[in-house]
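Trainee: below is the sequence, then the predicted model.
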Amino acid sequence: MPQGDYIELHQKRHGRRLDYEERKRKKEARQVHKRSKQAQNSIGIKGKMIAKKNYAEKAQMKKTLKMHEESSSRRKADEDVQEGAVPAYLLDRENTSRAKVLSNTIKQKRKEKAGKWEVPLPKVRPVAEDEMFRVIRSGKRKTKQWKRMVTKATFVGPGFTRKPPKYERFIRPSGLRFTKAHVTHPELRCTFCLEIIGIKKNPNGPMYTSLGVMTRGTIIEVNVSELGLVTPAGKVVWGKYAQVTNNPENDGCINAVLLV
Amino acid sequence: MAMNTVMCLLTDAEGTPLGSAMYIPHNAGHLQLINLVNTFLNNEEKLSYSFYVSDEELLVSVGTYMERNSVSVENVLKIVYRQQAVFRIRPVYRCSQTISDVHEGEILCVSFSPDGKQLASGSGDKTVRLWDLNTETPMFTCKGHKEHVLAVAWSPDAKCLVSGDRDGKVCCWDPSKGELLGNALSGHKKWICGIAWEPAHLSYPSRRFVTCGKDGDARIWDFTLKRTLIVLSGHTRAVTCVKWGGDGTIYTGSQDSTIRMWEITQQGQGILKHILRDHAGWVNSLSLSTEYVLRTGAFDHTRQVTCSDEEMKKIALERYIKAKGKVDSPERLVSGSDDFTIILWEPSVSLQPKQKMVTTARVTGHQQLVNHVYFSPNGQWIASASFDKSVKLWDGVTGKFITAFRGHANCVYQISWSPDSRMLLSCSKDSTLKVWDIGTKKLKHDLPGHKDEVWAVDWSPDGEKVASGGLDKDLKLWKG
């Protein structure tokens, strides 16, 4: 690097070489090839840095070119059409997003027969019997311990009448009885408060299913008539399965996700 | 053997008595009454009638009716007779063809041509497709729109097809070749909501049609000149529906809750005749009592061969007069609105509503907005489809509520009548179509099969086929 300005001084006094412009032009023309050779042959970190810089320049150049193109030529009408065509009478109305192809009862029936279910919660923590039941002592001296009280949420159904208290072994307290569940439709992503029709299966055992105990992972059947679903055959669907996703005895409500 | 007789007075739907009160034997049934009416009217052919006593159909003999309802023999029994269509349409109950994967977008509107030979469907994939009804396969694909095709309308002489899209452009097609005539006509600034043609008896062959759009204007176009003739502006919000009446008046219903009546003067100016203000919400749909006849022009269910222009115009005029009722009875207009009500007007008689079919009697009125109202082809009934999942039937002359058809599981979108006015077809958000019988007031057939909402339905004017389409992009043809 020159220390001082003797080069400029000489240029001012005596001018440049006679073929200066020519040489400059050719040198600049060679720069392109030199740059590309450099980019192709550099290896290691140096090569990576050069590649990165070149890429950034290329992207920027493309953007500016596009910008210029926009202003110069008249644009043709936009080719891509908005999704979601609706007829004229629905255009000004905001529609809730529709669920995809509605329930297929045939598939459901087949699954029911096979006993196999694709459920959102395939495995749940097993609930022990001493967690599920509390021992109730009865008798004059409170020594008999054959009664049990259920400590989890239950569903009993509308026509339920208790057995005579002297003989009932399992007590289902009315405070833990639920009739409605908050069911979420997985595709629509909205939650409805629907009535429970019955308990289909409790993963902890058939005894709990028959008692009507609802723990996390239980499959329940809910009344979906307010969703207005229709089978491909044209019948109105009014019951669908849902799986409980929370621990109702801790929350005080039943949250479930609909199995579509 | 003394024959018990009953004193009866036969009147027609509008109240004019046929002869004076007479004694009719106790056991006079349907057939005998038909004979009686035919003789009194001096009909050459025996026409079929249905009889109503205080709005209930008379199905048994007169004597049994009196006993059942314990009507006193001393009072004169008023029997209203209504002419039924001479021909009977077979009810539609099976899907003859599902055409999937042809339309790449949702089907937004379907329309049969007035002579029943062709079917046009407009869709979200920007095309209008013409279908061959004999083989039930696609015939032409008409490309020319750049946005979803929202409305499609055939001229009453079945020679011209016009479609409107979401951009506000109108395209004119030649239906025999499926070609675009000229360019897409621009004029409307926003999407087009409806199209109506000038009736055949006013001008044959058809030339003028009117379109209405979200921008609040209605424009009258000339099909041959391919340009706007008149702009009818005045509405402050979107114009949702337009109808061209048989007397030349154009009715436009709008989201600003008014209905305007326009007239075209001799000099070719469009002037506002009247404004009908009585709705409290958007006017969603209009229907004229002669609408079916105006749409089909000179064609009827027998699919007659075309004759000369003059003759066709005459036939169209005859059909129009017959559909209106007596020569001087006015055309009736019914409008359905977002305020859950339907109002029956007689616009040439008075600006006040003739009858409001309203929710104050919440039992009879609709509980949700009314999406579509449609007069039956013989003008005797009005059907209304609403988002409260029911279809309601009202008397076409007085506007009284007759019955509600319940069965759909979700909003009912559109309705269509069979040409003999005996059956009603409704399509809904729950992906089914349902055929209702007017005589028994019950569901006749359920037509499931669509995989998603059904948005458009049409019954061909010769009664042979029904076409339906919607969100699932399949066009289904149904047959009897």
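Mentor: Thanks, I have it. These numbers come from a predicted model, not from an experiment.
Trainee: and the helix or strand harbouring A:Arg25, what's buried?
Mentor: Under the criterion DSSP states H and E, the helix or strand holding A:Arg25 is helix A:20-41. Burial within helix A:20-41, assessed by neighbour count using 16 or more other CB atoms under 10 Å in any protein chain shown, is assigned to no residue. Quick note: C-beta positions are derived from backbone N, CA and C, even for glycine.
Trainee: what's downstream of it, the next helix or strand?
Mentor: Counting by DSSP H and E, the next helix or strand C-terminal to helix A:20-41 is helix A:44-72.
Trainee: helices or strands up against that following helix?
Mentor: helix A:20-41 (3 or more CB pairs under 8 Å, 6 or more residues apart in numbering or on different chains; DSSP states H and E).
Trainee: got a list of contacts for the helix it packs on?
Mentor: Taking contacts as CB atoms under 8 Å, 6 or more residues apart in numbering or on different chains, the residues outside helix A:20-41 that touch it are A:17, A:47, A:50-51, A:54.
Trainee: quick one: that helix to helix A:44-72, angle?
Mentor: With axes from the mean of the first three to the mean of the last three CA atoms, to 10 degrees as the basis, helix A:20-41 and helix A:44-72 are set at 120 degrees to each other.
Trainee: surely B:Gly164 and B:Val170 touch.
Mentor: Yes. In this structure, B:Gly164 sits in contact with B:Val170. The criterion is CB atoms under 8 Å, and the distance is 5.2 Å.
Trainee: overlap in contacts of the two?
Mentor: Shared contacts of B:Gly164 and B:Val170, counting by CB under 8 Å, 6+ apart, come down to B:188, B:192, B:195, B:211.
Trainee: ok, the last one to B:His188 distance?
Mentor: Read it as B:Thr211. The span separating B:Thr211 from B:His188 equals 7 Å under the rule CB to CB, to the nearest Å.
Trainee: what sits in contact with each of these two?
Mentor: Residues within reach of B:Thr211 and of B:His188 at once, by CB under 8 Å, 6+ apart, are B:164, B:170, B:219.
Trainee: helices of the chain, residue ranges please.
Mentor: Picking chain A for this. When assigned using DSSP state H, the helices of chain A occupy the ranges A:6-14, A:20-41, A:44-72, A:88-91, A:105-114, A:129-132, A:206-211, A:248-251.
Trainee: look at chain B instead
Mentor: Residue ranges of the helices in chain B, as given by DSSP H, are B:30-41, B:62-69, B:291-296, B:309-324.
Trainee: pick out the shakiest of the ones you listed, pLDDT-wise.
Mentor: Among the helices of chain B, helix B:62-69 carries the lowest mean pLDDT, at a mean of 73.
Trainee: quick one: list the elements packing against it.
Mentor: The helices and strands touching helix B:62-69, judged by 3+ CB pairs under 8 Å, 6+ apart, are strand B:5-12, strand B:22-25.
Trainee: can we see that at 7 Å?
Mentor: Secondary-structure packing of helix B:62-69 (3 or more CB pairs under 7 Å, 6 or more residues apart in numbering or on different chains; DSSP states H and E): strand B:5-12.
Trainee: ok, and what's touching the strand it packs on?
Mentor: Contacts of strand B:5-12 with the rest of the structure, by CB atoms under 7 Å, 6 or more residues apart in numbering or on different chains, involve B:17-19, B:21-26, B:37, B:62-63, B:66, B:73, B:76-81.
Trainee: what's the most distant pair in the shared contacts of B:Gly164 and B:Val170?
Mentor: By the measure CB to CB, B:His188 and B:Ile195 form the most distant pair in those, at 11.0 Å.
Trainee: hey, what's in contact with both of the two?
Mentor: Joint contacts of B:His188 and B:Ile195 (CB under 7 Å, 6+ apart) are B:Thr211.
Trainee: leaving out sequence neighbours, find the closest residue to the residue of the stretch 1-150 of chain B found nearest chain A.
Mentor: Per CB to the nearest CB, the residue of the stretch 1-150 of chain B with the smallest distance to chain A is B:Gly124, at 2.4 Å. Beyond its immediate neighbours in the sequence, the residue positioned closest to B:Gly124 (CB to CB, 6 or more residues apart in numbering or on different chains) is A:Ala85, lying 2.4 Å away.
Trainee: residues touching the one you found, list them.
Mentor: Applying CB under 7 Å, 6+ apart, the residues near A:Ala85 are B:105-106, B:108, B:123-124, B:148.
Trainee: run the last query once more with 8 Å
Mentor: Neighbouring residues of A:Ala85 by CB under 8 Å, 6+ apart: B:105-106, B:108, B:123-125, B:148.
Trainee: neighbour count, distance to B:Ser335 and pLDDT added to those residues, as TSV?
Mentor: Compiled in TSV, the contacts of A:Ala85 are given as follows (neighbours: other CB atoms under 10 Å in any protein chain shown; distance: CB to CB, whole Å; pLDDT from 0 to 100):
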residue	neighbour count	distance to B:Ser335	pLDDT
B:Gly105	19	30	86
B:Glu106	24	27	89
B:Leu108	30	23	92
B:Ser123	27	28	90
B:Gly124	25	28	89
B:Asp125	21	32	88
B:His148	27	26	90
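Trainee: looking at the shared contacts of B:Thr211 and B:His188, which has the most residues close by?
Mentor: B:Gly164 (30 neighbours; other CB atoms under 10 Å in any protein chain shown).
Trainee: which one is that residue nearest to, not counting chain neighbours?
Mentor: Beyond its immediate neighbours in the sequence, the residue positioned closest to B:Gly164 (CB to CB, 6+ apart) is B:Ile192, lying 3.1 Å away.
Trainee: surely the one you found and B:Cys171 touch.
Mentor: No. If you go by CB under 8 Å, B:Ile192 and B:Cys171 don't touch, sitting 10.5 Å apart.
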